[in-house]
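Engineer: Pasting the sequence and the predicted coordinates here, then a few questions.
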Amino acid sequence: MTITPNHSSTPLRVAVVTGAAQGVGKITALRMAKAGYQVFATDVQAMSSLQQEASTSGWTVYTEQGDVADEGFVAALAERVLQTVGRVDVVVNNAGISLIEEALTTTSAQWQRVMSINALGPFLMAQRFAKPMLVQGSGAIVNVASVAGISGIIHRVAYNASKHALVGMTRTLAAEWGGRGIRVNAVAPGWIKTEMDYKDQGSGAYRDADIEQRVPMGRFAAGHEIAEAILFLADPERASFINGVVLPVDGGWSGDGSWDALRLKSRAV
């Protein structure tokens, strides 16, 4: 599906955003379209809501439904992007799934599914889209990791391992491709009020208060706050010398070693 762009003197910039049917991916795709990017959005789910919002605003968005852990789909997506616009400037690897399960009861099938979507998918996307970026001599890849990628969280062994893998991949690709014009960075969000959060909370795993008490800023993140961090890292001017960074966008979660009583006491001062 294509939305005709408004004519502009702004140089063509092209972004590919995965996991764009909902949550942070959808918000990021719309925010990048608003900023002037021609956006290619992909998800395993239909993206009718994204299409409707983009169309209403007159922004350029292309959608392609498929699985980023499928190497054939990723190759076809890259071919479509290059045939349509001839270049790619940004890849946002946002697609991911959660799994709340004790380590002792996590099955190999669950492990493989989480690793396939959260780690293999971003690798396939980065590998395939790096090729035209290397020819251009420029580009940015932004991986959406998690605070679970820089710390350990109980009952999330597969999810944590996948996000740690994504952080390691980010740093390795930044080192490997940085000298050839591709910057590779990641954001590490804390808890966000998205469809994934509602599903996880529905399992009884945690309450709002569990998160709000743990975060120094005392609240969940909003999706647009993560999107703005992604947009910053993608920007070739504002983030031109930022490479190999994992940026926590977590309200201070990863930097706070206090216990809950002490943290909550400080808010009353």
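Structural biologist: Yep, it's here.
Engineer: Now the phi/psi pair for the closest residue to residue 88 other than its chain neighbours, please.
Structural biologist: Leaving aside its sequence neighbours, residue 88 sits nearest to residue 14 (Cβ to Cβ, 6 or more residues apart in numbering; 5.0 Å). For the C-beta atoms, the positions are set from N, CA and C on the backbone; glycine is no exception. In terms of degrees, to the nearest 10, the main-chain angles of residue 14 are phi -120, psi 130.
Engineer: In PDB, list the C-alpha atoms belonging to stretch 36-53.
Structural biologist: Extracted as PDB, the C-alpha positions of stretch 36-53 are listed here (Å, rounded to 0.1, in the frame of the first residue of the first chain):
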ATOM      1  CA  GLY A  36      10.000  13.400   6.200                       C
ATOM      2  CA  TYR A  37      11.100   9.800   5.800                       C
ATOM      3  CA  GLN A  38       9.600   7.500   3.200                       C
ATOM      4  CA  VAL A  39       8.800   4.600   5.500                       C
ATOM      5  CA  PHE A  40       8.500   0.900   4.800                       C
ATOM      6  CA  ALA A  41       6.700  -0.800   7.600                       C
ATOM      7  CA  THR A  42       6.500  -4.500   8.200                       C
ATOM      8  CA  ASP A  43       4.900  -6.800  10.700                       C
ATOM      9  CA  VAL A  44       3.400 -10.300  10.900                       C
ATOM     10  CA  GLN A  45       0.100  -8.700  11.600                       C
ATOM     11  CA  ALA A  46      -2.000  -6.500   9.400                       C
ATOM     12  CA  MET A  47      -1.200  -2.800   9.600                       C
ATOM     13  CA  SER A  48      -4.500  -1.300   8.800                       C
ATOM     14  CA  SER A  49      -4.400   1.100  11.700                       C
ATOM     15  CA  LEU A  50      -1.000   2.400  10.700                       C
ATOM     16  CA  GLN A  51      -2.200   2.800   7.100                       C
ATOM     17  CA  GLN A  52      -5.300   4.700   8.100                       C
ATOM     18  CA  GLU A  53      -3.300   7.100  10.400                       C
END
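Engineer: heads up, I number from 853, so please use that
Structural biologist: Yes, from this point I'll number from 853; that puts the last item at stretch 888-905.
Engineer: Mind checking what secondary structure residue 1017 has?
Structural biologist: helix (DSSP: H, G, I helix; E, B strand; the rest coil).
Engineer: Which positions in stretch 995-1006 come out as buried?
Structural biologist: 995-1002 (16 or more other Cβ atoms under 10 Å).
Engineer: Show me where the stretch 953-1102 of the chain dips below the pLDDT cut-off.
Structural biologist: Scanning the stretch 953-1102 of the chain with the threshold set as pLDDT under 70 gives 1054.
Engineer: The strand or helix carrying residue 1116 - contacts with which helices or strands?
Structural biologist: Using DSSP states H and E, residue 1116 maps to helix 1112-1119. Packing partners of helix 1112-1119 (3 or more Cβ pairs under 8 Å, 6 or more residues apart in numbering; DSSP states H and E): helix 1060-1066.
Engineer: if we can go back for a sec, residues in contact with the helix holding residue 1116: which ones?
Structural biologist: With Cβ atoms under 8 Å, 6 or more residues apart in numbering as the test, helix 1112-1119 has contacts from 1065-1066, 1068, 1070, 1108, 1110.
Engineer: can you tell me which of the buried residues of stretch 995-1006 are in strands?
Structural biologist: The strands, defined by DSSP state E, take in 995-996 from those.
Engineer: Reformat the buried residues of stretch 995-1006 into TSV and put distance to residue 936 next to each item.
Structural biologist: Below are these laid out as TSV (distance: Cβ to Cβ, whole Å):
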residue	distance to residue 936
995	24
996	24
997	29
998	32
999	36
1000	35
1001	33
1002	36
